[in-house]
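> Got a predicted structure here, sequence first:
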Amino acid sequence: MSQSHAPLGDPKHAIDLALFGALGDLAMRKLFPALYHLDREGLMPESTRIMGLARQEHDVDAFRQLVSRALQKRLKKGEQDPESLERFLNRLDYLKLDFKEAGGFEQIRQWREGSSQPMVVYLSVAARIYGDICYNLQASGSLDDESRVVVEKPIGYDLASSEQINDAIGAVFPESRIYRIDHYLGKETVQNLIALRFANPLFGTQWNQNHISHVEITVAEKVGIEGRWGYFDDAGQLRDMVQNHLLQLLCLIAMDPPSNLDADAIRDEKVKVLKALKPFTGEALGRDVVRGQYIAGTSDGQPVPGYLEEEGANTQSHTETFVAMKTEVANWRWAGVPFYLRTGKRMPEKLSQIVIHFRQQPHYIFDPDQRGIASNKLIIRLQPEEGIALQVLTKDSGLDKGMRLRPGPLHLDFNSAFPKSRIPDAYERLLLEVMKGQQYLFVRRDEVEHAWRWCDQLIDGWKVRETPPRRYPAGSWGPVASIAMITQDGRSWYEDY
Ligand SMILES: NC(=O)C1=CN([C@@H]2O[C@H](COP(=O)(O)OP(=O)(O)OC[C@H]3O[C@@H](n4cnc5c(N)ncnc54)[C@H](OP(=O)(O)O)[C@@H]3O)[C@@H](O)[C@H]2O)C=CC1
Ligand SMILES: O=C1O[C@H](COP(=O)(O)O)[C@@H](O)[C@H](O)[C@H]1O
């Protein structure tokens, strides 16, 4: 259905968006498509303007063509209508600028002159230059008391570097106008975690160590490092995915109910979880954490190279492309409940899901042979095919089955339950919240820093042990040791993919 006649967004959400790093991978793959969708859905006010900034020489027309090509590559056929495309492209301007050179920032001040709408500065560049850009914006007089800044992850490399970066941003913007992106918080099902937990008494009363035996969080990626060797080899999967996305998911599962839905009420509860995460002692590090690195294998039936054969690779690298771990939130609600996390590149498929395993009934009255049969599980699928399933036990049908039990799903598939609603990409929702000036889907400074503190002790432990990552073939579910880690507790990774 064409959206060309949709009303344009609420004028009070109009902004001047200055997108630093506008020719980069994230901008072309995610940000411009998300902005286009917001415009097409009628959520972008008419006067919203977008200035792309990067250091290559382009005039406005050439820049618009680059964006147009990126959109055509990314959008589905039915999503490209000429009227919406034209309207969106007409919002774009381009400025060639070296972000480290203060002189050029005067042009941003000029662009803003006479505008009464707030400026949103989106830093789609490496975090090490966030400070320079913020400083140059302020020094050039481009900012005012309503300007907001959006920053990408990862913020730093460890606690010390993230403190430096946060200090540099904080010297220019107050916390109330800093939007730290963790795009997993913009995913539809991730937001549904809050609704599921706090709107349904059914789960609210069961959500603790009395009723839940363990929790699994899997974020598996099919892709390798996609030409990002330079960045990835310094980071590794722990910094790239666990420090941010997986810990945010864990916080949403483990946090206590916030007193309301205000940004700080939610973030306060998340911080309590991060502070309660058990550190890994020397012994637990060897037993409860598995690092892996992929070797050559297959993806979709095609041969793919190992991590050390990727373009630009250093063949000595011990950087992990996979991590699995067993951790615990040491508080009254969760004491004794293991949280098993795993994430890796070059796995057989793209799959993000959380599985909550409920305890068995205290007294069992059915066939003793079936004692080990599955207990209730809540399966929360983030991607692909967003949905929620509750595995329940029912009686097996048939005259000869007696009271034999059979596990089966109560299933809510978002696409079939709500077929008319397109599930928006995470960046659409996050950009919309920035336009509205709402922070609840963004990460506060202390969350980032507590997450780093916990990851740092893990990384320091790895350094002392100096154990190389275990190998796993591309296209597999990770090193065998990650399966052993959970089976030694008499459990297994949930495999009904
Ligand atoms: N790509 C992704 O999927 C994800 C990225 N991120 C984060 O998003 C941010 C952007 O990542 P990504 O798009 O991949 O990075 P890219 O390197 O692809 O893009 C960065 C852009 O900034 C420009 N740039 C860099 N330094 C300067 C400078 N001094 N002056 C002017 N322009 C400059 C680059 O220009 P040039 O090409 O000339 O160098 C390029 O256009 C990073 O913080 C990253 O960690 C987070 C999650 C996922
Ligand atoms: O932040 C990142 O996320 C992507 C995975 O995001 P998804 O939305 O596709 O699940 C990951 O590939 C990338 O390495 C990391 O920087």
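Noted; the coordinates are in hand. Ligands and ions are numbered 1, 2, ... in the order given.
> who's in contact with the residue of the stretch 101-250 of the chain found nearest ligand 1?
Taking CB to the nearest ligand atom, ligand 1 has its nearest neighbour within the stretch 101-250 of the chain at residue 152, 3.5 Å off. For the C-beta atoms, the positions are set from N, CA and C on the backbone; glycine is no exception. Going by CB atoms under 8 Å, 6 or more residues apart in numbering, residue 152 touches 26, 123, 124, 125, 127, 181.
> count of residues packed around whatever residue of the stretch 101-250 of the chain ends up closest to ligand 2?
When scored by CB to the nearest ligand atom, the stretch 101-250 of the chain has residue 240 as its residue closest to ligand 2, at 4.8 Å. Other residues lying near residue 240 total 24 when counted by other CB atoms under 10 Å.
> I figured it was touching residue 154, is that so?
Yes. Here residue 240 reaches residue 154: they are 6.9 Å apart, a contact under CB atoms under 8 Å.
> now residue 312: how far from residue 232?
Computed with CB to CB, to the nearest Å, the distance linking residue 312 and residue 232 is 10 Å.
> Between the two, point out the one with more neighbours.
Legend: neighbour count by other CB under 10 Å for residue 312 and residue 232, higher for residue 232 (22 against 11).
> ok so the residue of the stretch 101-250 of the chain closest to ligand 2 is a helix residue?
Yes. Residue 240: assigned to a helix according to DSSP: H, G, I helix; E, B strand; the rest coil.
> Give me the mean pLDDT for the strand or helix carrying residue 132.
For residue 132, the element it lies in under DSSP states H and E is helix 130-139. When pLDDT is averaged over helix 130-139, the result is 97.
> For that helix, list every residue counted as buried.
130, 131, 132, 133, 134, 135, 136, 137 (16 or more other CB atoms under 10 Å).
> Same question for stretch 89-103.
Buried, per 16+ other CB under 10 Å, within stretch 89-103: 89, 91, 92, 93, 94, 95, 97, 99.
> which of those lies closest to ligand 1?
residue 99 (3.7 Å).
> Would you mind listing what in this protein touches ligand 2?
Within the chain, the positions adjacent to ligand 2 are 183, 221, 240 by CB under 6 Å from any ligand atom.
> what's near enough to touch the first one?
Applying CB under 8 Å, 6+ apart, we find residue 183 in contact with 30, 245, 426, 427, 430.
> So for stretch 476-490, mean pLDDT?
What stretch 476-490 shows for mean pLDDT is 96.
> Do me a favour and get the end-to-end distance for that stretch?
22 Å (CA to CA, to the nearest Å).
> Can you give me the buried ones in that stretch?
476, 477, 478, 479, 482, 483, 485, 486.
> One more: stretch 148-165?
148-159, 162-165.
> got it, and stretch 193-206?
For stretch 193-206, the neighbour count (16+ other CB under 10 Å) marks 193, 194, 196, 206 as buried.
> State the phi and psi torsions of residue 65.
phi -70, psi -40 (degrees, to the nearest 10).
> returning to that earlier point: could you see whether ligand 1 lies near the helix holding residue 132?
No. Using CB under 6 Å from any ligand atom, helix 130-139 stays clear of ligand 1, with a minimum separation of 7.7 Å.
> Distance from that helix to the middle of the chain?
26 Å (CA atoms, centre = their mean, to the nearest Å).
> Tabulate the CA atom coordinates of the helix or strand just after it in PDB.
Along the chain past helix 130-139, the next helix or strand (assigned with DSSP H and E) turns out to be strand 148-151. Extracted in PDB, the C-alpha atoms of strand 148-151 (Å, rounded to 0.1, in the frame of the first residue of the first chain):
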ATOM      1  CA  ARG A 148      21.000  16.400  21.500                       C
ATOM      2  CA  VAL A 149      23.700  13.900  20.600                       C
ATOM      3  CA  VAL A 150      23.300  10.300  19.600                       C
ATOM      4  CA  VAL A 151      26.400   8.100  20.000                       C
END
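> which residues make contact with strand 148-151 from outside it?
Identification of contacts with strand 148-151 by CB under 8 Å, 6+ apart yields 118-123, 127, 130, 134, 169, 172-173, 177-181, 434, 437.
> What are the structural domain limits within the protein?
11-182, 187-423+444-487 (automatic domain parsing).
> among these, which gets the worst mean confidence?
domain 187-423+444-487 (a mean of 92).
> Touching the helix holding residue 132 from outside, list them.
Counting by CB under 8 Å, 6+ apart, 20, 99-102, 105, 108, 121, 123, 125, 143, 147, 149, 151, 164-165, 168-169, 171-173 sit against helix 130-139.
> and residue 471, that one's in a strand?
Yes. The assignment for residue 471 is a strand, going by three-state DSSP.
> Name whatever forms a beta bridge with it.
residue 293 (DSSP bridges).
> Is it possible to get a markdown table of the buried residues of helix 130-139 that adds distance to residue 383?
What follows is those, written out as a markdown table (distance: CB to CB, whole Å):
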| residue | distance to residue 383 |
| --- | --- |
| 130 | 28 |
| 131 | 33 |
| 132 | 35 |
| 133 | 31 |
| 134 | 33 |
| 135 | 37 |
| 136 | 37 |
| 137 | 35 |
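> Quickly name whichever of these is closest to residue 417.
Closest approach to residue 417 among those (CB to CB): residue 130, at 40.7 Å.
> Pick out the residue in the protein sitting closest to ligand 1.
For the chain, CB to the nearest ligand atom, closest residue to ligand 1: residue 24, 2.1 Å.
> For that residue, list the residues it contacts.
Counted by CB under 8 Å, 6+ apart, residue 24 has contacts 54, 124, 125.
> ditto for residue 242
Here residue 242 is in contact with 323, 325, 341, 343, 455 (CB under 8 Å, 6+ apart).
> Those residues in strands, which ones?
323, 325, 341, 343 (DSSP state E).
> Quick check, the third one in contact with residue 322.
No. With contact taken as CB under 8 Å, residue 341 and residue 322 are classed as non-touching, separated by 11.3 Å.
> hmm, the helix or strand residue 51 falls within touching ligand 1?
Taking DSSP H and E as the criterion, residue 51 maps to strand 49-54. Yes. Using CB under 6 Å from any ligand atom, strand 49-54 comes into contact with ligand 1 via residue 54.
> what's next to that strand, contact-wise?
16-24, 27, 35, 63, 67, 91-97, 99, 108, 111, 115.
> Tell me where the longest helix sits in the chain.
For the chain, the longest helix by residue count, based on DSSP state H, is helix 445-465.
> And that helix, what does it pack against?
helix 159-170, strand 178-180, helix 247-254, helix 263-276, helix 282-288 (3 or more CB pairs under 8 Å, 6 or more residues apart in numbering; DSSP states H and E).
> near ligand 1, which residues of this structure?
Contact residues (CB under 6 Å from any ligand atom) of the chain with ligand 1: 21, 23-27, 54-56, 97-100, 124-127, 129, 152-154.
> repeat that with 8 Å
20-30, 53-56, 97-101, 123-127, 129, 132, 151-154, 181, 183, 226, 228, 231 (CB under 8 Å from any ligand atom).
> what's the neighbour count on the closest residue to residue 364 other than its chain neighbours?
Nearest residue to residue 364, sequence neighbours excluded (CB to CB, 6 or more residues apart in numbering): residue 371, at 6.0 Å. For residue 371, the count of nearby residues is 9 (other CB under 10 Å).
> For residue 365, see how far away residue 371 is.
From residue 371 over to residue 365 (counting by CB to CB), the distance is 11 Å.
> Same check on residue 277?
Residue 277 is 38 Å from residue 365, by CB to CB.
> Understood, closing this out.
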